[in-house]
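> Give the three-dimensional model of this entry:
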Amino acid sequence: MNETSVLEGFSVLESELEVWEDYCVACFLTVIGIIAVFLNGFVVYVFVRKMKKLASCDCYILNLAIIDIIMPLIGFPLPIYSSLHHELAIGEYLCSAYGFTGFFCGVVSISTLAAISVARYVQVCRTDQAQKLVKNTKYCIGVIYCYGAIWACLPLSGIRGYGPEPYDDIYYVCRIHFVVVTLCCGQFMDSLRQKRCGSGSSYINFCANSKTINDN
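Numbers count the residues shown, from 1 in each chain. As a prediction, the model looks like this:
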């Protein structure tokens, strides 16, 4: 991609893809975006109609569906526009706003999935704490949004910042500049499970047996 100007105020980053390839990308993102909005919108509609009967995990799933509607509505227009015009033409402030919203929705989505896992664990293995979890669901969702806002605001506060994201010299989206290095989750979780529970299967059986005893 040939950068004809620096991303300060306004920049144009020309695509190195063929025109027909850009059109294919735009069509693909459009179809996926429409499907995502429609299906997640249907989930929101069903849950809203039964709002009074929602369990703790249902509230998290509703929140996840809302975020998954916002993501394509905010995250897809710029790549689609760029593909159709065979270039990325975007101002510095719009790039930062686009990066902020995308990063914020991503963190909220991942955190909501983590909250669903915790809620499932509590309902299965910590039945005595399940009622407390239900009462604090709204607060947990609020914490998730605050957590996402904090991480998304860090680049705006001067920690590197947001800028064009390259994929083999193809610039279509804006993202955070710094890279976060994480542990290898598979090995870490496997080691933790072996130390705490001996094995995953025996731990699950223990939880199931405990639940059966409590029910009796």
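> Give me the distance between residue 51 and residue 37.
21 Å (Cβ to Cβ, to the nearest Å). Yep, even glycine has a C-beta here, placed from its N, CA and C like the rest.
> which of those two has more neighbours?
Between residue 51 and residue 37, residue 37 has the larger neighbour count (other Cβ atoms under 10 Å), namely 17 against 10.
> What is the three-state secondary structure of the more buried one?
helix (DSSP: H, G, I helix; E, B strand; the rest coil).
> and if you look at residue 47?
For residue 47, the assignment made with three-state DSSP gives helix.
> Does it touch residue 60 like I think?
No: counting by Cβ atoms under 8 Å, residue 47 does not reach residue 60; the two are 10.8 Å apart.
> Those two: which has the busier surroundings?
Of the pair residue 47 and residue 60, residue 60 is the one with more neighbours under other Cβ under 10 Å, namely 25 against 18.
> In contact with the more buried one: list those residues for me.
With contact set as Cβ atoms under 8 Å, 6 or more residues apart in numbering, residue 60 has these partners: 112, 115, 116, 119, 137, 141.
> Helix or strand for it, just tell me which one.
Here residue 60 sits within helix 56-75, counting by DSSP states H and E.
> Show me what counts as buried in the helix or strand just after that helix.
Next helix or strand after helix 56-75 toward the C-terminus (DSSP H and E): helix 77-85. Residues of helix 77-85 classed as buried: 78, 79, 80, 82, 83 (neighbour count, 16 or more other Cβ atoms under 10 Å).
> same check, this time on stretch 115-127
Neighbour-count burial for stretch 115-127 [16+ other Cβ under 10 Å]: 115, 116, 119, 122, 123, 125.
> Surely the second one touches residue 61?
So the one you mean is residue 116. Yes: assessed by Cβ under 8 Å, residue 116 is found in contact with residue 61 at 6.9 Å.
> ok so, going back, what would the buried residues of helix 77-85 look like in a markdown table with distance to residue 99?
Shown next, in a markdown table, are these (distance: Cβ to Cβ, whole Å):
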| residue | distance to residue 99 |
| --- | --- |
| 78 | 10 |
| 79 | 13 |
| 80 | 17 |
| 82 | 14 |
| 83 | 18 |
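> Using CSV, lay out those residues together with pLDDT and distance to residue 156.
Below are the buried residues of helix 77-85 laid out as CSV (pLDDT from 0 to 100; distance: Cβ to Cβ, whole Å):
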residue, pLDDT, distance to residue 156
78, 81, 18
79, 78, 22
80, 84, 25
82, 77, 23
83, 79, 27
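> Tell me where the model's unsure across the protein.
Along the chain, the model assigns pLDDT under 70 to residues 1-15, 88-91, 159-160, 163-216.
> hey, where'd the strands end up in it?
For the chain, applying DSSP state E gives strands covering 2-3, 11-14, 87-90, 162-166, 171-176.
> Please name every helix or strand in contact with whichever helix in the chain runs longest.
With secondary structure taken from DSSP state H, the chain has its longest helix at helix 92-125. Judged by 3 or more Cβ pairs under 8 Å, 6 or more residues apart in numbering; DSSP states H and E, helix 92-125 is in contact with helix 56-75, helix 130-135, helix 137-153, strand 162-166, strand 171-176, helix 200-215.
> Please consider this matter closed, and thank you.
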